[in-house]
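Visitor: I would like to see how this sequence folds:
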Amino acid sequence: MIAPTLGLAIYITWKNRNDRSELIHNMAVCFWICANSVWMYGEFYENDGTRPTAVVFFFAGLLSMAYYYIIELYLHKGKNLSR
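Guide: All right, here's what the predicted structure looks like:
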């Protein structure tokens with residue numbers, strides 16, 4: 001079920017690529033699906049040996065959200081204040 005779930009998430013991300021907010025949120029979802037998939041695979045087949053790789057995907061999702069909420073919203077708020 002990893003392939004259809006990730007495929008649909010990537011498709012939704014692609015369809016919403018013109019709206020920056022939706023793009024970044026959907027990218028985070030894709031990263032988190034990858035993290036959960038890698039972690040699940042590791043628990044079933046690799047004796048929990050893929051956890052460090054899953055953490056990378058998890059933090060990639062967190063960083064994309066942090067970028068949006070710290071940088072994008074801060075810059076947008078600054079533009080509205082200067083008017």
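Visitor: contacts and neighbour counts: CA atoms only from here.
Guide: Noted.
Visitor: Residue nearest the middle of the chain, spatially speaking?
Guide: The residue lying closest to the centre of the chain (Cα atoms, centre = their mean) is residue 28, at 1.4 Å.
Visitor: Could you tell me which ranges of this structure sit under the pLDDT cut-off?
Guide: For the chain, the stretches flagged by pLDDT under 70 are 77-83.
Visitor: just the helices in the protein please.
Guide: 2-15, 20-45, 51-66, 73-81 (DSSP state H).
Visitor: so what secondary structure elements neighbour the longest one?
Guide: It refers to helix 20-45. Contact here means 3 or more Cα pairs under 8 Å, 6 or more residues apart in numbering; DSSP states H and E; on that basis helix 20-45 packs against helix 2-15, helix 51-66.
Visitor: List the buried residues in it.
Guide: 21-42 (16 or more other Cα atoms under 10 Å).
Visitor: repeat for the first one
Guide: Counting neighbours by 16+ other Cα under 10 Å, one finds that the buried residues in helix 2-15 are 6, 9-10, 12-13.
Visitor: and which of those is nearest residue 64?
Guide: residue 13 (13.4 Å; Cα to Cα).
Visitor: Name the nearest residue to the closest one, ignoring sequence neighbours.
Guide: Leaving aside its sequence neighbours, residue 13 sits nearest to residue 26 (Cα to Cα, 6 or more residues apart in numbering; 5.2 Å).
Visitor: what do you get for residue 30?
Guide: Residue 30's closest residue in space is residue 9 (Cα to Cα, 6+ apart), at 5.9 Å.
Visitor: how far away is the one you found from residue 35?
Guide: Going from residue 9 to residue 35 by Cα to Cα, to the nearest Å gives 13 Å.
Visitor: And for residue 10?
Guide: 14 Å.
Visitor: Also residue 71?
Guide: 24 Å.
Visitor: Also residue 53?
Guide: Applying Cα to Cα to residue 53 and residue 35 gives a distance of 8 Å.
Visitor: Then residue 66?
Guide: Distance of residue 66 to residue 35, given as Cα to Cα: 17 Å.
Visitor: now do residue 23
Guide: Counting by Cα to Cα, the gap from residue 23 to residue 35 is 18 Å.
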